[in-house]
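S.K.: How does the following fold in three dimensions:
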Amino acid sequence: MLEIKSLRAAIDGKTILDGLTLSIGDGEVHAIMGPNGSGKSTLSYVLAGRAGYAVTGGSVTFNGADLLAMAPHQRAAAGVFLGFQYPVEIPGVSNLLFLRTALNAQRALRGEADASGAEFMKAAKVAAADMGLDFEMMKRSVNQGFSGGEKKRNEMIQMALLQPRLAVLDETDSGLDIDALRVVADGINRLRSPDRSTLLITHYQRLLDHVKPDHVHVLMAGRIVLSGGPELALRLEAEGYARIAAEAGVTNITDAPMESAA
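M.R.: A predicted model of the protein is given here:
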């Protein structure tokens, strides 16, 4: 589904991704872990097409198409979804209107008919119930007055309604308490299917206790230095990054350029 080869990307002239290679097959869940500044969020933004991130080398193929040649809205219509580490509030924009507009915009680009009001409301109510979010909150402005956990649940509702082919989730577990983590993990697991893949970016093993990945990768200094199964996350939890950095020849993991969290 996704083939990344020798990807290089920079911010303000500073190289963040430095030859990253990764392959994600249909239906697979991959987790990327790494220290701050290693390039995790930069990878998610490059895949989504965020402005300000200059691709200076390599290629990204999504379902056989050149992802880097697509505008952000085209990537979304093709099935790429980005879940933010810090979902923003959009005052004055109805959450339900935002979601229906996004859904129908993607359908239009794919040549599909719009979802009717009744069809959309039924799906939105089911998604909100699945995520344990009071449907009355869906009538507010986007994320306005939501707690951190509610914002993440709202993003899982967005994912459930948009039904992406590739979900890139940038530290979705950040700021979640134990109960909210389980609910969000259940939402991710509910959407697992043979034709949908997921890239989880996380600092912590705790999410992977609930969402069992097929593969775990360690990202340092802008490239993947080690890959393995779920046991690799357990090793990181027990040992930290220093030993793996030494084995990979990364001399100082704290000196990597800091990626933008904005």
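
S.K.: just so I have it, where are all the helices in the stretch 1-150 of the chain?
M.R.: Chain-ordered helices for the stretch 1-150 of the chain, with DSSP state H, counting those that start in this stretch as the definition, fall at 40-48, 72-78, 95-109, 117-130, 148-162.

S.K.: Tabulate those helices (JSON lines), appending distance to residue 250.
M.R.: The way it works is simple: take the backbone N, C-alpha and C, and place the C-beta from them, glycine included. Output for the helices of the stretch 1-150 of the chain, formatted as JSON lines (distance: least, Cβ to Cβ, whole Å):
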{"stretch": "helix 40-48", "distance to residue 250": "15"}
{"stretch": "helix 72-78", "distance to residue 250": "31"}
{"stretch": "helix 95-109", "distance to residue 250": "39"}
{"stretch": "helix 117-130", "distance to residue 250": "41"}
{"stretch": "helix 148-162", "distance to residue 250": "31"}
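
S.K.: TSV for those, including mean pLDDT?
M.R.: As requested, the helices of the stretch 1-150 of the chain are exported to TSV (pLDDT from 0 to 100):
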stretch	mean pLDDT
helix 40-48	95
helix 72-78	94
helix 95-109	94
helix 117-130	94
helix 148-162	90
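
S.K.: Tell me how far residue 141 lies from residue 161.
M.R.: From residue 141 across to residue 161, the span is 17 Å (Cβ to Cβ, to the nearest Å).

S.K.: what's the answer for residue 243, then?
M.R.: 43 Å.

S.K.: These two - which one has more neighbours?
M.R.: residue 161 (18 against 11; other Cβ atoms under 10 Å).

S.K.: Was I right to think that one contacts residue 103?
M.R.: Yes - contact criterion Cβ atoms under 8 Å: residue 161 and residue 103 qualify, at 5.8 Å.

S.K.: so what sits against both of these two?
M.R.: Counting by Cβ atoms under 8 Å, 6 or more residues apart in numbering, the residues touching both residue 161 and residue 103 are residue 120.

S.K.: picking up where we left off before, would you mind finding the most buried of the helices of the stretch 1-150 of the chain?
M.R.: Scoring the helices of the stretch 1-150 of the chain by mean neighbour count under mean count of other Cβ atoms under 10 Å gives helix 40-48 as the most buried, with a mean of 23.

S.K.: Just the C-alpha atoms of it, please, in CSV.
M.R.: Output of helix 40-48 as CSV, limited to C-alpha atoms (Å, rounded to 0.1, in the frame of the first residue of the first chain):
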residue,chain,number,x,y,z
LYS,A,40,8.4,11.1,13.6
SER,A,41,6.0,14.1,13.3
THR,A,42,7.9,15.3,10.2
LEU,A,43,7.2,12.0,8.5
SER,A,44,3.5,12.3,9.2
TYR,A,45,3.4,15.9,7.9
VAL,A,46,5.3,15.0,4.7
LEU,A,47,2.9,12.1,4.0
ALA,A,48,-0.1,14.4,4.5
